[in-house]
Each structure stands twice: as structure tokens, then as C-alpha cells.
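S.K.: pasting the sequence and the predicted model now:
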Amino acid sequence: MSRVRLDTIRECFEGVIPAIIGTADADGMPNVSYLTQVQYIDPQHIALSYQFFNKTRANILGSRQARLMVISPLTAAQYLLTLEFLRTETSGSLFESMKAKLSGIASQVGMSGVFQLLGSDVYRVTDMVCLQGAQLPAPPPPLNRLAELRNSAERLRECRELDRLFDETLNCLNEKFGIAHAMLLMHEAPARLYTVASRGYAESGVGSEIALGEGVIGVAARERTPIRISHMTSEYGYSRAIRSQTADAQALEIPLPGLAESRSQMAVPILGCSRLMGILYVESPQDLRFTYDDEDALVTLCAQLAMQMHILQEAEPETAQQPPVPAPAPEGAPLLVRHFTGNDSVFFGDDYLIKGVAGAVLWRLVQDYVQQGRSSFSNRELRLDARLRLPDVNDNLEARLVLLARRLAERGAGIAIEKTGRGHFRLDVQRPLQLQEVA
Amino acid sequence: MSLPATAAPLLDADQIAFVRGGVSISVATCGSGGLPQLVRGIGCRAADDGSLFTVFVPEPKSQQIQRDIFANGAIAVAFTKPSTHRTLQLKSREARVTALTPADVALVHAYRDAFVAELAAIGMREELVRTLLAAADEELVGLSFRPSDAFTQTPGPKAGQPLKAGE
């Protein structure tokens, strides 16, 4: 095994103490410079941010070798790395992840607009030496992430329902990893994500949406790569200004939950094979809250989550459909349910509830309820219903039903969805419904 | 490329005060095969007229640096103030390894205090900074040089250009 094990010194790459790079020109004149960003790639590779064409870069392009000094912020140990320059990347997951991180660094040090990532320079590290000298004893780690990860994976494995799985994921983050602010978003092809669960916010934000490419979450989704930012930055925030131009648009906007002053953010894709299923997003009011180890733990947890989501969404039993059971007619003030066919948005009176596929599903349920007196439904019949226009594969129907059930519960308007078994649920209606279709 | 004795100084009085202060000091040399070597400096003595600089480094961490200097004399030293990112770099091809005087040792002690204070202002704990700069007095050596070139290296469009007065 190589004696270069960068994975054992990753705290040096968190940007707490700037790294120093030494290069030399063809005449043997050295150059020394401070580096804003060193990105760990794997035990033998790192990437450095290329921001300006300067002497360092000219020397590297000439000699293709450099020496790097990194310092542990825990022990003050100094490591000398010998670098061999391989290539520059100007797009893709490494570049986007470094660009996002640099945005946080730039904002932190008052260099927004000055620090701009032109490329990610990838190096092989051919030697790694710890300089002899004084060191502080390493503090004990705040937790054993591997042990907590195992425990969390076991808890996710035990979940038999999708909504339970979402909640348990956020419970594990809070209880096992001390991550109190988190949200889960599901991918709606082609280019949107919607929130199905959250923790640690005044409003749950369930049903709120975000576009691929927008902010930390959207970039992580678009690039299918974790994005981790260790300082506050406005560049990766979520602008809702454009979409809130009209009163109608505002009515359709459920605010995305989030901390007002988020100083550390991480978005991790939930990938089933290479398919984007969703995003797990965590944040903290603390700078430098999430480390490389946290990133590893959450990526691995998301792999378990993806597998469990896949199993639960596929494993629908082929049971016979329940015969419709007429429900007793409720009494009280009627609830006006309006459906706008253009975007399948559903309003209770003047209050926006939901749109898209979940809106279409709800509209179908209340129609069947009012016209046929039905209150028992199965996921299977929804899948087969041409009116809902669900995609043939990977329809995420269960995730949409979780979203719909949560929106209904939060609204408390007298309509609820209750699961009655695997793949079956009941529409619980407490008030007479008055339906209105709006073209 | 040694400077004639009459050459104008590369650094103005403020820049000389800057390199004497609580700033981060990094040294690079170039070994055979063009591979650079690095060490952190622990203080700097600067002549009032800016003609001669001596950077102090721990001997155990700078053995290859000293060999490179014996071999070719080339040195680059960057000074940066972490709180402002103001950075300048000096270069020379005539560096020498020198011994410290008692006054130099006092400079090193004062430098540590100044750098600790600078970093405390941006939240770095003293214990960490002192460990980073730890070296027994008798272990220190000086790297002395007359700079042939000076560059500004503060992040921004001027980075890498020859240092001008007032920068």
C-alpha cells in the first residue's frame, strides 16, 4: 500500500489553515504562494483551485511538479506533499463542488467577486511526509461516524413504509449525528425537486419546490454529486424573487424551509444506480460544521436510503382491490375544492394546497369520493389510471402520496389520507365537499 | 542578478514594517531536478534600508532547504497577513545560511507573540499557533538574502506584479 494516505489527514483540507504551494521555473527560481482551497479526491489525489493565471500556474504548466505544505488544524502537524500535475477540469462534479465551496470561502474572507474558480487542477500526490516537530494531542472525535452509520442503516432497513423511512432518516441524523436541521427532497423529472420531509424548522415546507441547478440543493442534484459549503454565502441561496411577480404565482409558492443564517450546508444526492431519486440537505448555523467524514457518512446513508426507497416503492403486493365501501355522509360547512387543469393545482377555497401529480391524484380521489361514494383506494389503481399520466417507470407515486398526506395533515381542512395497508389507503373526509373544475 | 549597491530599495518603510510584523512567513527553495522545498519562517529581521533580510527557520524542518541554498542560493519568501490577505513575496539567488544573534532570538520571541495576536483576532487558538511555531532557540538558523525582486501577491488583478511603493 502506498505510503501516501491523504484519507488519514483530511482535516488538513478543510481550509482552516491555508496551504502553501512551492513551485520553480525552468531557471530554478522558486516561488511560494498561499492557497485558498485544497480539495481531497482520494487517498492519492487532490485538486487545487485555479483562480488566476499567476507564477504558480506558469511554473506548474512548465515543470508539472510542486510541493504542498498542509497543516492539521487539530494537532498543528505539518505535512509536505509532493505533487505531480495531471490535468485541469473546468466542468463536472469536481469543478462544481469546488466552485460552491470556494464561494463560501470567498464570502467568509471578504473576497466575493475576487475568488472565481477557473478550473480544478488535479494532482497525483507521490509522496507524503509529516515534518518532525511539536504537535498537539489529537482531540477525541466528537462521535464514531462508522458506528452511528451502521446503527442508522439498520434503523432504515426496518422501515416498512415510505413516510416512516423519511422520518427515520431525519431522526437518525438528529439523534446519531447531531444534525438538527435537515430536509428530504424528491426528484420530479425532468428538472424539479419537492420537499417531502424536514426537521428543525418553524414551518415544515413540505411541498415546496426547487429547480435543478438552483442553490446548493439544485447544483448537487444537477451534478449528481455532494456539495458542501463551510461558510455562509449568498451566491448559493435560493432566490424566489422572480417567481413571485404576481399574486397567483405567490399563492402557488410554498416557502422552502431553511435557516436564515446558514453557515454550513451540505446537499447529498440520493442515487439509485445512476438515477437521481432525491436530495438530502443538511445545514447548521455554525461555520465548518460538516467535514469530509460527515460527507462520507451521509453519502453512505443516502445509498441505504435509496435502496430502501426503491424496495418499498417496488414491493407493492398484487392483492385484489378492496370493494368500495360507502362512507357515511359527513355534515357541516362544505369545503370548496377547486382544481385548475392547466397545472393540476388544487385549492381549498382560496388557499393553495398542491399541484402537479399530487394535485391530479387528489382531484381524482375527491371526484371518486363525491361521485361514487368511494373512500378506499389502492396505489395500483392509481398507477393504472390514464388520467394521472404517471410515467411508466419510476413514477415515485408513493413519495407523492406521502407528500399529499402531509400537506393535507398540515392544512387540517377536514380531508386526510390514512394508510390501511401496504399499497392501500383511505380518504377520510370530515366535511361535505363541493368540487369545482377550472379550465 | 545581485543588486548594485546604489539600486533603489525594493520595499518602502511600510512594507519593511509589514514583513517585520505578525505575518505568516513561508520559504521555498529549489532542489536538483527542479523540485521545490518548503518551510515556515518564524520571524524576520529586515535592515532599515530594505537591503538585507534574514528569515528564521527551525533547523530540523529545514535541512533540505539549507542544502538547496548551499547548492544554488535561490530563495523565495512570502509574507501574508491572514486578516487582510495582504501578501508580498521576495526573491533572491544569493541566500546564505546564517547563525542567530541574541537579538535575533528576541525577535523570534516577539514574532511569535505578534503572530498569535494576529491569528487570535480571526479565531485561531493560541495553543495551536504556538505549536505550529515551536522550535528551541538553539535549533534556529537564519536564511539571509538581498532581494533581487519583490512582487505583490495580494489576491486580485495585481497579484504577481512587481511590488510598487505603497502596496
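M.R.: Cool, the structure landed.
S.K.: surely B:A165 is within a helix?
M.R.: No. Going by DSSP: H, G, I helix; E, B strand; the rest coil, the assignment for B:A165 is coil, not a helix.
S.K.: what's the neighbour count on the residue nearest to it when sequence neighbours are not counted?
M.R.: Nearest residue to B:A165 in three dimensions, chain neighbours excluded: B:D12, at 4.6 Å (CB to CB, 6 or more residues apart in numbering or on different chains). Where you see a C-beta, it was placed from the backbone N, CA and C, and this is true even at glycine. B:D12: 15 surrounding residues under other CB atoms under 10 Å in any protein chain shown.
S.K.: check the gap between A:V357 and B:R125 for me.
M.R.: In this structure, A:V357 lies at 53 Å from B:R125, with CB to CB, to the nearest Å as the measure.
S.K.: ok, the two, which is more surrounded?
M.R.: Counted by other CB under 10 Å, A:V357 and B:R125 do not tie: A:V357 has more neighbours, with 24 against 13.
S.K.: got the contact list for the closest residue in space to A:P269 that isn't next to it in sequence?
M.R.: Setting aside the residues directly before and after it, A:P269 is nearest to A:R224 in space (CB to CB, 6+ apart), at 5.2 Å. By CB atoms under 8 Å, 6 or more residues apart in numbering or on different chains, the residues touching A:R224 are A:S93, A:P269, A:L271, A:S274, A:L276.
S.K.: so where do the helices sit in the chain?
M.R.: Defaulting to chain A. In chain A, helices defined by DSSP state H lie at A:55-63, A:93-108, A:145-157, A:162-177, A:215-223, A:247-251, A:292-314, A:356-372, A:379-384, A:397-411, listed in chain order.
S.K.: let me rephrase: I mean chain B.
M.R.: Using DSSP H, the helices of chain B run over B:13-20, B:63-72, B:102-120, B:126-132.
S.K.: any idea which residue of the stretch 201-350 of chain A lies closest to chain B?
M.R.: Closest contact between the stretch 201-350 of chain A and chain B, by CB to the nearest CB, is at A:D287 (8.9 Å).
S.K.: neighbours of that residue, how many?
M.R.: Considering only other CB under 10 Å, A:D287 is surrounded by 14 other residues.
S.K.: hey, which helix or strand in chain A has the poorest pLDDT?
M.R.: Counting by mean pLDDT, DSSP states H and E, the weakest-scoring helix or strand in chain A turns out to be helix A:247-251, with a mean of 47.
S.K.: thought A:F177 was touching A:L143, still the case?
M.R.: Yes. Here A:L143 lies in contact with A:F177, judged by CB atoms under 8 Å, at a distance of 7.0 Å.
S.K.: these two: who's more crowded?
M.R.: Set side by side, A:L143 and A:F177 show more neighbours around A:F177, with 21 against 14, by other CB under 10 Å.
S.K.: please name the nearest non-neighbouring residue to the more buried one.
M.R.: With CB to CB, 6+ apart as the criterion, A:F177 has its nearest non-adjacent residue at 6.1 Å, and that residue is A:E148.
S.K.: show me what contacts A:V299?
M.R.: A:P226, A:V268.
S.K.: let me redo that: A:C130
M.R.: The contact partners of A:C130, by CB under 8 Å, 6+ apart, come to A:A77, A:Q78, A:Y79.
S.K.: do that again at 6 Å, thanks
M.R.: Applying CB atoms under 6 Å, 6 or more residues apart in numbering or on different chains, one finds that A:C130 lies in contact with A:A77, A:Y79.
S.K.: now do it against A:Y123, distance only.
M.R.: 19 Å.
S.K.: please identify the most buried of the helices of chain A.
M.R.: Ranked by mean neighbour count under mean count of other CB atoms under 10 Å in any protein chain shown, these are led by helix A:215-223, which reaches a mean of 24.
S.K.: and for that helix, what's in contact with it?
M.R.: Applying CB under 6 Å, 6+ apart, the set of residues contacting helix A:215-223 from outside is A:93, A:96, A:193, A:210-213, A:227, A:236, A:238, A:265, A:267, A:269, A:276, A:279, A:281.
S.K.: with stretch B:76-85 instead?
M.R.: The contact list for stretch B:76-85 (CB under 6 Å, 6+ apart) reads A:30-32, A:34, B:19, B:23-28, B:55, B:87-91, B:121-122, B:154-155.
S.K.: around chain A, which positions in chain B sit nearby?
M.R.: For chain B, the residues in contact with chain A (CB under 6 Å from any CB of the partner chain) are B:26, B:28-30, B:34-36, B:38, B:60-61, B:72, B:74, B:76, B:78, B:80, B:128, B:131-132, B:134, B:155-156, B:159-160.
S.K.: ChimeraX command to pick out the buried ones of those residues?
M.R.: Only the buried members of these end up in this ChimeraX selection, burial being decided by 16 or more other CB atoms under 10 Å in any protein chain shown:
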select /B:26,28,29,30,34,35,36,38,61,72,74,76,78,80,128,131,132,155,159,160
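S.K.: filter the residues of chain B next to chain A down to the ones in strands?
M.R.: Secondary structure assignment by DSSP state E places B:S26, B:A28, B:T29, B:C30, B:P36, B:L38, B:A76, B:A78, B:T80 of the residues of chain B next to chain A in strands.
S.K.: thought the second one was touching A:P30?
M.R.: Spelled out, that is B:A28. Yes. Using CB atoms under 6 Å as the test, B:A28 is close enough to A:P30 to be in contact (3.9 Å).
S.K.: tell me, what's touching these two both at once?
M.R.: The contact lists of B:A28 and A:P30 share B:P36, B:A76, where a contact means CB under 6 Å, 6+ apart.
S.K.: where does pLDDT dip in the stretch 251-400 of chain A?
M.R.: Within the stretch 251-400 of chain A, the stretches with pLDDT under 70 are A:251-252, A:315-327, A:392-394.
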